[in-house]
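Q: what follows is a predicted structure for the sequence shown.
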Amino acid sequence: MARTSKQIEDNIVNSIIGEGSEFKGEFTVNGLLRIDGRFKGTIETDGKVLIGQSGEATTDIRARVVVIGGEVRGNIFATERVIMLATGRLYGNIITPSLVMEDGVIFDGNCVINKSPERLATPQPGASERYGDIV
């Protein structure tokens, strides 16, 4: 029952940055954040972040689940899973316990598949060395 409740919650959009919109800053949200416009800053949620096909984000993302259908320039720290759709482009690093990539993905970075939550909390030394501070 709890799992079903969480799945329903994951599909309810709490916040959206619509196509044609731009947002800069720190975004802390409960639940699902969908980006179809442009975003530059940092994102932190205990829920899901969805970068739509038209979405462009220059950001570091800390979330439970991250789904990329657009472009992300930055690092992703997901406590449950990262899903990259065929239209997704990521220029940055990933730390997550589970990664799903469809054919056609563009990924330029490093990935650490790690089941240990304490390593997800803090980037490892040198993890952002290639891309530096994004924001």
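A: All right, it came through fine. Numbers count the residues shown, from 1 in each chain.
Q: so for this structure, the centremost residue is which one?
A: Centroid check for the chain by CA atoms, centre = their mean gives residue 66 as the closest residue, at 3.9 Å.
Q: got the contact list for the longest strand along the chain?
A: The longest strand of the chain (DSSP state E) is strand 56-68. Strand 56-68 is contacted from outside by 10, 35, 37-51, 70-85, 88-90, 96, 134-135, using CB atoms under 8 Å, 6 or more residues apart in numbering. (C-beta placed from N, C-alpha, C; glycine too.)
Q: one more pass at 6 Å, please.
A: Strand 56-68 is contacted by residues 35, 38-51, 70-84, 88, 90, 134 when judged by CB atoms under 6 Å, 6 or more residues apart in numbering.
Q: pass me the low-pLDDT residue ranges in the protein, would you?
A: Scanning the chain for pLDDT under 70 picks out 1-13, 116-135.
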